[in-house]
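Chemist: how would this look folded up:
(one chain, ligands or ions: 3)
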Amino acid sequence: MTELLTCAQMRDIERRAIESGSVTGLDLMERAGQGIVDAIFAQWPELLRQRGPVPAPPRYFRQDEGGYFSRRRAVVLCGPGNNGGDGYVVARLLHRMGWQLTVFGMGEVEDMPPDARVNRTRWSALGPVVPLTCDAFLAVSSGRGLADVYVDALFGTGMTRPVQGEALKVLDVLAGSGGDDFASRTVAVDAPSGLCLDSGHVPGRPEGYGRGLRSVALTVTFDSPKVGHVIGIGPDICGRLAVCDIGLRPWREFEGDQIDPDAPGGTMRHMNVRLSGAPMVREGRRDPEDIARHLLKRASGGHKFDHGHCLVVSGGVARTGAARLAARAALRIGAGLVTLAVPPDAVAEVAAQTTAVMVREVTGPADLAKVLEDRRIRSICLGPGLGVGARTREMVAVALEAGRHVVLDADALTSFADDPGALFALIEKGRVVLTPHGGEFARLFPEIDARLNAPRLLADDEAWHTALAAQGGPLYSKVDAAREAAASSGAVVLLKGRDTVIALPEGPAAVHAAIGARAAPWLATAGAGDVLAGFIAGLMARECPPGDAAECAAWLHVEAALAFGPGLIAEDLPEMVPQVLRGLENGDQPHLVGQ
Ligand SMILES: NC(=O)C1=CN([C@@H]2O[C@H](COP(=O)(O)OP(=O)(O)OC[C@H]3O[C@@H](n4cnc5c(N)ncnc54)[C@H](O)[C@@H]3O)[C@@H](O)[C@H]2O)[C@@H](O)CC1
Ligand SMILES: Nc1ncnc2c1ncn2[C@@H]1O[C@H](COP(=O)(O)OP(=O)(O)O)[C@@H](O)[C@H]1O
Ligand SMILES: [K+]
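Modeler: Ligands and ions are numbered 1, 2, ... in the order given. The predicted model follows:
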């Protein structure tokens, strides 16, 4: 399990560490700088080898500092805050190894925070700080060719407004707008500067810097990945993400007073780590044992009903495919029994195309209520192909009033676009999962959606700059949006996308990012969402708590897509489940983000 931190949480951990008296801010900055240097040589081991004949010692080289001479060159861009402070440490450490450094700085030394000021002053004893301008930056590379490494230490977790002026021009050049490939030699400190580490967006430039998306080679972050590294465009511009341990673990340990084995959120709630009252966000990468515990069937309970009965409600004739996909998925993930509730006109169509899934004629809401008198039905899936309108609203109401575990997807969500409150009033906490994609989310939660999209739209708006600065930086993120939606609806909300976010009404959230070795762009195929809804319903039929069901289903969904590979269509997803489960049983390592 990887914890993802917000910028505020990271600052909080650092503050608590420093207040404990065990460590100083300067210690942390030194560790961060050393971590970046180590990460640079891990990324490019060839840089440790001497290049060409030994040159004359650099002007500022001090014999007593040891090291060796090298012709390696680095350009370090240092901002006005502690991110810049890390940059000055890197410059000093590389200089000690005999590297030739060009160090650009922003702002006045007296305006810098204390630790960064100390490190800028230390560097100034070794070499000059060149005021950052685009012309000066270009002059360095045009005269002597590209340096071996560029260190982007302009802004990190303290970025409070869109980058502008000379810094923006330099970042554009660094991203390749002038045609030179700086990006493949760039290491970003904490973040490619300008990336909001809470939202994964570059305010004012949703598409990133330079000519579209140019990723730096390496981003080195501290203690834990931040939310913005894995959502939005973060993964597209961060390159390889290295997480550097700077000894802060004791200050972000679980505080231990919240363990409640019967909590409706299941184990997700147990993982909740409290800091300043704010529940922490986790990356949706569970330990394989944890995933296996939920996905694999236990040996006990040999009867099909021991594994639960799942009811999937189908649309009418020629609209049954989506529900059939969901039903197949529920069966494959191990619900003991799956029944499709089908309107009379579509029974023949469905019966002709199903075997293990059972078919039951259901004329309408009253009939559904009757079917649900069978207490063995533990979970219900409504939405895929169901049609938008009053009938669907009534079916949803019956399902929610029946006190079962319910997944609402697609049309079941859109049917409440005119009155989302009517839906939320029916939701019993701990029983319901909503699985909207972006469009459905906007229909159900228009105000939250407006906030989610406002920062990017209004990035050049002066009022927004002021509001953002007053708020201390973070943009409203997809995680914030899913959390707020979960809190206001009382349901577990799974907000889909490459960066699927799952939020519990109680606050904890998980991000399932299909990035790195888990990138599965071919999952964006018609019907994939129906299969996901079926996985969740199937797991809930097996008594998996809704939060865990949503998380494990999201994991399985991507894992099944990876197991199949390109060319995938939605029908293939349930058929890959046995292979994925076999892998879990054998203890195979699942695909991990960042591999
Ligand atoms: N929190 C921690 O535990 C640690 C933080 N460290 C470093 O400290 C960084 C955070 O430092 P800070 O909080 O000082 O923040 P930053 O250094 O990221 O940025 C803050 C400074 O940039 C200015 N600024 C923000 N946005 C700007 C913009 N668009 N244009 C121009 N100026 C802008 C602010 O006015 C302020 O001077 C981290 O990213 C990391 O690199 C490390 O030293 C290790 C420990
Ligand atoms: N680039 C991507 N990488 C991984 N998963 C993706 C990507 N794009 C979309 N998905 C997933 O594909 C599914 C699409 O579901 P949805 O939008 O409901 O479509 P449909 O209704 O056609 O099934 C969601 O689970 C979403 O998270
Ligand atoms: K940076």
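
Chemist: Contact residues of this structure facing ligand 3?
Modeler: Residues of the chain found near ligand 3 (Cβ under 5 Å from the ion) are 152, 156, 188, 189, 193. Quick note: C-beta positions are derived from backbone N, CA and C, even for glycine.

Chemist: Recalculate using a threshold of 6 Å.
Modeler: Counting by Cβ under 6 Å from the ion, the residues of the chain lying close to ligand 3 are 83, 152, 153, 154, 155, 156, 188, 189, 190, 191, 193.

Chemist: In the stretch 1-150 of the chain, which residue sits nearest ligand 2?
Modeler: Using Cβ to the nearest ligand atom, residue 4 is the residue of the stretch 1-150 of the chain that sits closest to ligand 2, at 17.8 Å.

Chemist: mean confidence score for the helix or strand hosting that residue?
Modeler: Secondary-structure element containing residue 4, defined by DSSP states H and E: strand 2-4. If you average the pLDDT over strand 2-4, you get 81.

Chemist: same thing with stretch 528-539?
Modeler: Mean pLDDT, taken over the full extent of stretch 528-539, equals 98.

Chemist: Also stretch 45-56?
Modeler: Predicted confidence along stretch 45-56 averages 68 (mean pLDDT).

Chemist: do the same with stretch 297-304
Modeler: Confidence over stretch 297-304 (mean pLDDT, whole number) is 64.

Chemist: now the end-to-end length of that stretch.
Modeler: Start and end residues of stretch 297-304 are separated by 11 Å (Cα to Cα, to the nearest Å).

Chemist: do stretch 357-365 as well
Modeler: Between the opening and closing residues of stretch 357-365 there is a gap of 21 Å (Cα to Cα).

Chemist: Then stretch 536-549?
Modeler: With Cα to Cα applied, stretch 536-549 spans 5 Å between its terminal residues.

Chemist: how about that stretch: buried residues?
Modeler: Taking 16 or more other Cβ atoms under 10 Å as the neighbour-count basis, stretch 536-549 is seen to contain the buried residues 536-542, 544-549.

Chemist: What about these, which are in helices?
Modeler: When the buried residues of stretch 536-549 are checked against helices (DSSP state H), the matches are 536, 537, 538, 539, 540, 541, 546, 547, 548, 549.

Chemist: Now render those as JSON lines, adding distance to residue 120.
Modeler: Listed next are those as JSON lines, based on distance: Cβ to Cβ, whole Å:
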{"residue": "536", "distance to residue 120": "52"}
{"residue": "537", "distance to residue 120": "58"}
{"residue": "538", "distance to residue 120": "58"}
{"residue": "539", "distance to residue 120": "54"}
{"residue": "540", "distance to residue 120": "56"}
{"residue": "541", "distance to residue 120": "61"}
{"residue": "546", "distance to residue 120": "51"}
{"residue": "547", "distance to residue 120": "46"}
{"residue": "548", "distance to residue 120": "48"}
{"residue": "549", "distance to residue 120": "51"}
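
Chemist: so which of those comes closest to residue 135?
Modeler: residue 547 (53.7 Å; Cβ to Cβ).

Chemist: mind checking how far the closest one is from residue 432?
Modeler: Shown here: residue 547 relative to residue 432, a distance of 11 Å by Cβ to Cβ, to the nearest Å.

Chemist: Please identify every residue contacting each of those two.
Modeler: For the pair residue 547 and residue 432, residues contacting each of them under the criterion Cβ atoms under 8 Å, 6 or more residues apart in numbering are residue 492.

Chemist: where exactly do the strands run in the stretch 251-400 of the chain?
Modeler: Counting by DSSP state E, counting those that start in this stretch, the stretch 251-400 of the chain forms strands over residues 274-275, 278-279, 281-283, 309-313, 337-342, 358-361, 377-382, given from the N-terminal end onward.

Chemist: Most tightly packed of these?
Modeler: strand 309-313 (a mean of 30; mean count of other Cβ atoms under 10 Å).

Chemist: Now tell me what touches that one from outside.
Modeler: Under the contact criterion Cβ under 8 Å, 6+ apart, strand 309-313 has outside partners 323, 326-327, 330-331, 335-341, 357, 362, 368, 371-372, 374, 376-382, 384, 386, 395, 399, 534, 537-538, 540-541.

Chemist: Over to stretch 316-329?
Modeler: 310, 312-315, 338-340, 342-343, 345-346, 349-350, 353-354, 357, 381, 384-387, 409-410, 527, 530-535, 537-538, 570-571, 573-574, 577.

Chemist: which residues does residue 347 contact?
Modeler: If you count contacts by Cβ under 8 Å, 6+ apart, residue 347 has them with 359, 361.

Chemist: so what's it scoring on pLDDT?
Modeler: Residue 347 is assigned a pLDDT of 96 by the prediction.

Chemist: how close does it get to residue 8?
Modeler: Spatial separation of residue 347 from residue 8 under the definition Cβ to Cβ is 55 Å.

Chemist: And residue 26, by the same measure?
Modeler: When residue 26 is compared with residue 8 (using Cβ to Cβ), they lie 22 Å apart.

Chemist: now swap in residue 527 and tell me
Modeler: For residue 527, the distance to residue 8 under the criterion Cβ to Cβ works out to 39 Å.

Chemist: Tell me the gap between stretch 549-560 and the middle of its chain.
Modeler: Mean-position distance between stretch 549-560 and its chain equals 14 Å (Cα atoms, centre = their mean, to the nearest Å).
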